[in-house]
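Student: Sequence first, then the predicted structure, then my questions.
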Amino acid sequence: MKRIYFDNAATTPISDEVIDMMSQLMRDHYGNPSSIHKEGREARTVIEQARKTIANCIGASIGEIFFTSGGTESNNMVLKCAVRDLGVKRIITSSIEHHCILHALEALEKECNVKVDFVKIDGKGRIDLESLDVLLSAGNEKTLVTLMHCNNEIGTLLDLEKVAAICEKHDALFHSDTVQTMGYFPIDVSKTRINFLAGAGHKFHGPKGVGFIYINGDNIVQPMINGGSQERNMRAGTENIYGIAGMAKALELAYEHLEYNREHISSVRNHLKNSLLENFEDIQFNGDHDGAHHFKSLSVSFPPSEKSSLLLLNLDILGICASGGSACSSGAEKGSHVLEGIAASPDRKSIRFSFSKYNTIEEVDFVIKKLKTILPLKKELAS
């Protein structure tokens, strides 16, 4: 049975170009990049070229890019090292951040007596910038603001420029989890005052288990993982050279086709959105779906019905892969903290459909066809 993959916010399929490049590297470059012999030097060259590629993509210097195991490690590294090494006493965030942020902050509250304040958000998941300004005005502790560029569940976007300006006004550090937007939106840290940002390869058709952290050169932190002198003494452990090179290749491809991918993915998303509204009763959408929103994501709120509670399972049985929220929390019994944070009705069933450059209009039509076998149609269509 043909399956439709509409869960690209969780992870994306690896591009064939990336697979081919990584496979060749595995055959040709097996040396340890810390070794001084020819094989080691060749492996080191692969890593440094990948660092240069990623730095060029986001307007950073090569000395500001460090490789990690992914977004969770990168975000933890920023928060914990900022408290330990930069004198941060207070962190401002939102209640709908990714769990790797919220759980790290819970640990910092308990272990380091860090004060955590939450900025106000509205029913679409938009950050109240006036609330952020007020919070930063109250108190003179060293403060870090951590707000994600795009919410991973509902797709609402943050205005990085405006937040960066507010943080600069109050001399606060600014960190953004850009895992969902890296490779989809142009981000230039030479123009936008961001102190830290995180990326993960598997979100833009690269391999899993590899990511990077941008640390502005003005902020000197110490390693979170101790051992060898890898990553310019910032992260011990033999580097995942194939993953690093694959991630860099994937990001390079994403930036080369940024506009085309945006137009194509937007057309797929909009076709699903319009088709749902045309065919089914009382369809709603979570997040700022018709405003500042990620074009690859659509969080659909279905009305209560006998079949809506098992809708995600039924879609899977019919060959359609979607998500109830964050993949990182899929095993949790508690409902989505993001939907709770925006006061979404608990009686409605929300499903996140998320798209990639590989999805098609025909796949959307297939999904609508299958949904018609599960959900009641609009009255005028059913008669």
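Tutor: It's in.
Student: can you give me the mean pLDDT across the helix or strand that contains Glu130?
Tutor: Applying DSSP states H and E as the criterion places Glu130 in helix 129-137. Across helix 129-137, pLDDT averages out at 97.
Student: send the alpha carbons of that helix over as PDB?
Tutor: The C-alpha trace of helix 129-137 is given here as PDB (Å, rounded to 0.1, in the frame of the first residue of the first chain):
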ATOM      1  CA  LEU A 129       6.300  41.700  22.500                       C
ATOM      2  CA  GLU A 130       5.000  44.400  24.900                       C
ATOM      3  CA  SER A 131       5.000  41.800  27.700                       C
ATOM      4  CA  LEU A 132       8.600  40.900  26.800                       C
ATOM      5  CA  ASP A 133       9.600  44.500  27.000                       C
ATOM      6  CA  VAL A 134       7.900  44.900  30.400                       C
ATOM      7  CA  LEU A 135       9.600  41.700  31.700                       C
ATOM      8  CA  LEU A 136      13.000  42.900  30.600                       C
ATOM      9  CA  SER A 137      12.400  46.300  32.200                       C
END
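Student: Neighbouring strands of whatever helix or strand comes next after it in the sheet, and parallel or not?
Tutor: Read in the C-terminal direction, the helix or strand following helix 129-137 is strand 143-146, with elements assigned using DSSP H and E. Taking DSSP bridges as the criterion, strand 143-146 pairs within the sheet with strand 90-93 (parallel), strand 173-177 (parallel).
Student: what's next to the last one, contact-wise?
Tutor: If I follow you right, that is strand 173-177. The list of residues contacting strand 173-177 from outside it, by CB atoms under 8 Å, 6 or more residues apart in numbering, reads 71, 75, 78-79, 82, 86, 88, 97-98, 100-101, 142-149, 158, 160, 163-164, 167-168, 193-198, 219. In short, each C-beta sits where N, CA and C put it, glycine included.
Student: List every C-alpha atom in stretch 182-191, with coordinates, as CSV.
Tutor: What follows is stretch 182-191 as a C-alpha-only set of coordinates in CSV (Å, rounded to 0.1, in the frame of the first residue of the first chain):
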residue,chain,number,x,y,z
MET,A,182,16.6,26.3,9.5
GLY,A,183,16.8,25.6,5.8
TYR,A,184,13.3,27.1,5.1
PHE,A,185,13.8,30.8,5.9
PRO,A,186,16.8,33.0,5.4
ILE,A,187,18.5,33.6,8.7
ASP,A,188,21.5,36.0,8.8
VAL,A,189,23.2,36.4,12.2
SER,A,190,25.4,39.1,10.8
LYS,A,191,22.3,41.3,10.4
